[in-house]
Structure formats: structure tokens, C-alpha cells
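1. Sequence first, then the predicted structure, then my questions.
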Amino acid sequence: MVRHRIGGEETSGSSSRTAPVWDPATGEQQAEVVLAEPADVDAAIAAAWEAFADWSEASLSRRAKVMFAFRELLNANVEKLARIVSSEHGKVLEDAKGEVLRGLEVVEFACGIPQLLKGEYSDQVSTTVDAYSFRQPLGVCAGITPFNFPAMVPMWMHPVAIACGNAFVLKPSERDPSASNLVAELYAEAGLPEGVFNVVHGDKVAVDALLDHPDVAAISFVGSTPIASYVHARATEKRKRVQALGGAKNHAIVMPGADLGYAADQLAAAGFGSAGQRCMAISVAVAVGESGDALVEEVAGRAREIKVGPGLEPDSEMGPVVTPQARDRIVDYIGEGAEAGARLTVDGRELEVDGGGFWVGPTLIDQVQPEMSVYTDEIFGPVLSIVRSDSLDEAIALINRNSYANGAAIFTGSGHEARRFQRQVEVGMIGINVPIPVPMAFYSFGGWKESLFGDHHIHGPEGVRFYTRGKAITSRWPAGNAAGPGDTGSMHFPTSS
């Protein structure tokens, strides 16, 4: 049984509700996870609020030491954490290790919190007057995270929030919950005080309890656009600070002058890696001009060669999808594309893997039109659509009409084309000959339009600003009782002198 971690203790809480945790490679249930009731969320928030009083007063040096210790423990447990992720999510082991290591980069960023929270100081802004600023933590912050990155996405949130002096309550996906419990154990071993980091497992009941609770100051969310919109609306109505990252339909433009072999390698990896269950997966390739037919042939060859199998088998390059419902949804979209007139160049519905499990093979769909559901909707599976375009301008306009705006990429041999693309495309993250342009931890991650609800991107400098609030201080120390220039009171609005 996967249980909550509240106030440093493992507990089943007050709920009798549970959910299955599947092994996506076999289709068999491997565990159960408890689903919190509002009382369990209340307990986690109470523990966090109690811990916040002391942790918020901890020195920056102490917070940094805890983060450095956590970083070392996390690095020593990459394999263990990756195996947990692979067994519950289904992604192959090397992909899971990569996820953990990208999360580790955020922890390393948070280790620099003494530098990140340096304020500003201006001497003698007026006669005998100084001005300075600093930032303080918010209180109890909460994170609601998706199934597709059960280790990395939570680490986009809690290391920065905790290093800034906040306490944190994490509600991970109930589909793959165990990674978060191991992270809680590592925090405790690193010396983080009890209650600063808590894990509550659950479904919409737990989510709503977090959104409504008056002692939660900020909500971080990553998931689908409809739920991101819901989280943002409900939490901001309660006057909480919110960053809610939604869905995506990431495009990659392939220009005629690009290295098609290189582009095909990158598109196959970006479209089919992790069975397409990434918010930054490339799901649409826009073939410009005469590049189309050759590109389709190149990508199709690579798609057919991908070794699909259980994530913990060393030869596997792509694993299953996370649930039978996810598999059925992806299969339905593939069928809709074919019925609408698109051409199934590689049909992943034909894949057969021994031993059960939730399988869909790499799927390449050519001649996709913008009105088809395989283009308009976020499928979240190993499905790459090919759209044809006559020019770069037309391709950019296609991307800019899309309601999602997480990321986009271009494959080109022209610096002029790359610069036009990066300046004109309306998305938050851009790759130039890089298919998945996830920023490093010292930058911030986030999209535009319906891929982001709220004003702040996640982690990096914007993460620090999100989890803190600023104070500006104006200070005067008169010299004893002697009134100097400007020391006497005035009925006029103050000005500098």
C-alpha cells in the first residue's frame, strides 16, 4: 500500500478509498494507493504550517546545506528512483534516469539560494536616507503534478519552494505515486525538518481541498489545459498565487535545406520517446516545400526500427502507455485520422507484445489537415502527424494559429531562417535543430496561450519570484536629537533632497 507522508510519518489517513497502481508492461496491478479525504489534506497543511514557522527563519546557509545534502542523496539514488518510475509509468529505464537527472539539475539550482535571494541596496538615496529590498517566503505552497514525469516535474517545484523558506505539500499523480515517497525519505535523511515536505496521495477530492484551503498561499500545477484552467480559476478565486502549466501541441518545421537524416532521427526520438507521453513531445512535423516525401520515408524507417518492450528490459527503446484508458484513447485518435483521409504510413495499432500490457506502437500519419482531430487535439501518445506547407511563413502561421503554445522547433541549415522563426513564432520555448527545447534549470520553463495559466513560468529565476514576495525598505537614522537636513517633519509629499 502506498500511503501519505505527513509531518515526517507514513500514514493511511482517514480515508478508506484506494486506487490501483498498474504495471503498464504487464497490465497487472502491482500496488494500491490511498486516496486522501479533505481531513487528510488538512492534516498535511497543518503539519506544513507548523514547520514553516521555524523553517522560514532558518538561515540561508542552513537551507543551502540541506539542499546540498539532498542533492547528494538524490544523485546516489538515481537508479533506485528511476526503477520505481519505470515500473509504475512504463517508460524505459534510461529515459527514467534522464528524468531524474533533469530534476536533479533544479535541486542544484536551488543549492544557490543564498545568491538567488540577494536583495538590492542603495546608499544615500536622499539625505541620510537609504533604500533596500529583500524577498520573503509565502508560507505553505502546494504542487499538483502529472503522471508523465513523476520524479522530474515535482522537482521543478519543491526544491525551489523549500530553499526559499516555504513548506510544501505535494499531490502527485495517483497513477505512479511511489517516487514521491522516496523523495520524502531522502529529504528527511538530508536533514529537512519534519513537516516542511509532505506528500498527500489522491484524486480530485484532494486537489479541491488544496485549492480551497485558506492556509495554502500558492499552487503549482502541471497537466492538461482544461484542468490547468480549472485549477487557476478556482485557486485565484481564493486569492492564491497560481502557476498552472497546461497542454501542448508542439510543432517542428523541417526546411528543404535541413539535414533530413538528422531531422528524422530527432523527430523519431522526440515523437515516440516515452511513448509520446511528454508535454514537450513533437506531435506535428511541418514539412516545407519538397522536403515532405523524403522526410516521411526517413521517419517511417526509423519508426519501424524502434524496439518496443517493457521499460526495465535493457533492449527496449519505447515502453507502454500508462493505462488501458490511455491506450484506447490513442487508438481511437489514430482511427479518426484514417477515417478523415490522412494516410497511415506506420500504424501502431498493429503492434503485438507478449505478456499483456498497454501497448501502442510508433505511429506516423501523413497528409494531416489542420481540421483533423489528430492535429487539433493533444493525443499524448506515440503519434507523429505530418503536415505539408509551401513556405516558412505559412508554417509559422500554422503554428501561431494553434491555441497551444508550449514549444516549437525548426530544422534548417540557414541562420536567416532560424532567426525569422525564433522572432516570429508565438510559443514559450524554441528549439533550433533541437527538437525538445526544455530549458536548463537556471532558465525557466513555460509556454504561452492555453499552455500557461498565470504570470510565472516554473523553476529558474521565475520560480524564485513565484515562491517569494518582495519588500522595499526606506530607512533613516537621525544623528541623535540634532535635526539635520530633511529630519524635520513635513506636510508635503516626500521627495528626495
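-> In hand now; what should we look at? Because the structure is a prediction, the values reported are computed rather than measured. Residues are numbered from 1 along each chain as shown.

2. So which residue is dead centre in the protein?
-> residue 153 (4.3 Å; CA atoms, centre = their mean).

3. my guess is that one meets residue 220, correct?
-> No: taking CB atoms under 8 Å as the definition, residue 153 is not a contact partner of residue 220, at 9.3 Å. No exception for glycine: its C-beta is placed from N, CA and C like everyone else's.

4. Domains of this protein: list them as residue ranges, please.
-> Following automatic domain parsing, one finds the domains of the chain at 4-246+451-472, 250-432.

5. Reformat those domains as JSON lines; add distance to residue 494 and mean pLDDT.
-> Output for the domains of the chain, formatted as JSON lines (distance: least, CB to CB, whole Å; pLDDT from 0 to 100):
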{"stretch": "domain 4-246+451-472", "distance to residue 494": "8", "mean pLDDT": "97"}
{"stretch": "domain 250-432", "distance to residue 494": "41", "mean pLDDT": "97"}
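
6. Adding distance to residue 441 as columns, could you present these in TSV?
-> Putting the domains of the chain into TSV (distance: least, CB to CB, whole Å) gives the following:
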stretch	distance to residue 441
domain 4-246+451-472	4
domain 250-432	14
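
7. Can you say which of the ones you listed is nearest to residue 496?
-> domain 4-246+451-472 (3.9 Å; CB to CB).

8. before we move on, back to that, and the gap between the residue nearest to the centre of the chain and residue 331?
-> The spacing between residue 153 and residue 331, counted by CB to CB, to the nearest Å, is 26 Å.

9. which residues does residue 38 contact?
-> Residues near residue 38 by CB atoms under 8 Å, 6 or more residues apart in numbering: 205, 206, 209.

10. most neighbours, which of those?
-> Per-residue neighbour counts (other CB atoms under 10 Å) across the contacts of residue 38 peak at residue 206, which has 25 neighbours.

11. And what about that one, helix, strand or coil?
-> Three-state assignment for residue 206 (DSSP: H, G, I helix; E, B strand; the rest coil): helix.

12. didn't it look like it was pressed against residue 42?
-> No: Residue 206 is not in contact with residue 42 according to CB under 8 Å; the separation is 10.8 Å.

13. all helices for the stretch 1-150 of the chain, in order.
-> All helices of the stretch 1-150 of the chain, identified by DSSP state H, counting those that start in this stretch, fall at 38-55, 60-76, 78-89, 93-110, 113-116.

14. Run through the residues that contact the closest residue in space to residue 135 that isn't next to it in sequence.
-> Excluding its sequence neighbours, the residue lying closest to residue 135 (CB to CB, 6 or more residues apart in numbering) is residue 468, at 3.9 Å. Each residue near residue 468 by CB under 8 Å, 6+ apart is listed here: 117, 135, 136, 137, 138, 164, 165.

15. Derive a ChimeraX selection command for the buried subset of these.
-> Here is the ChimeraX command that picks out the buried ones among the contacts of residue 468, judged by 16 or more other CB atoms under 10 Å:
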select :117,135,137,138,164,165
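
16. now the contacts of residue 468 in a markdown table, with distance to residue 303?
-> Shown next, in a markdown table, are these (distance: CB to CB, whole Å):
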| residue | distance to residue 303 |
| --- | --- |
| 117 | 47 |
| 135 | 48 |
| 136 | 51 |
| 137 | 48 |
| 138 | 46 |
| 164 | 44 |
| 165 | 48 |
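
17. And the contacts of residue 468, which is closest to residue 364?
-> Nearest to residue 364, judged by CB to CB, of the contacts of residue 468 is residue 164 at 44.5 Å.
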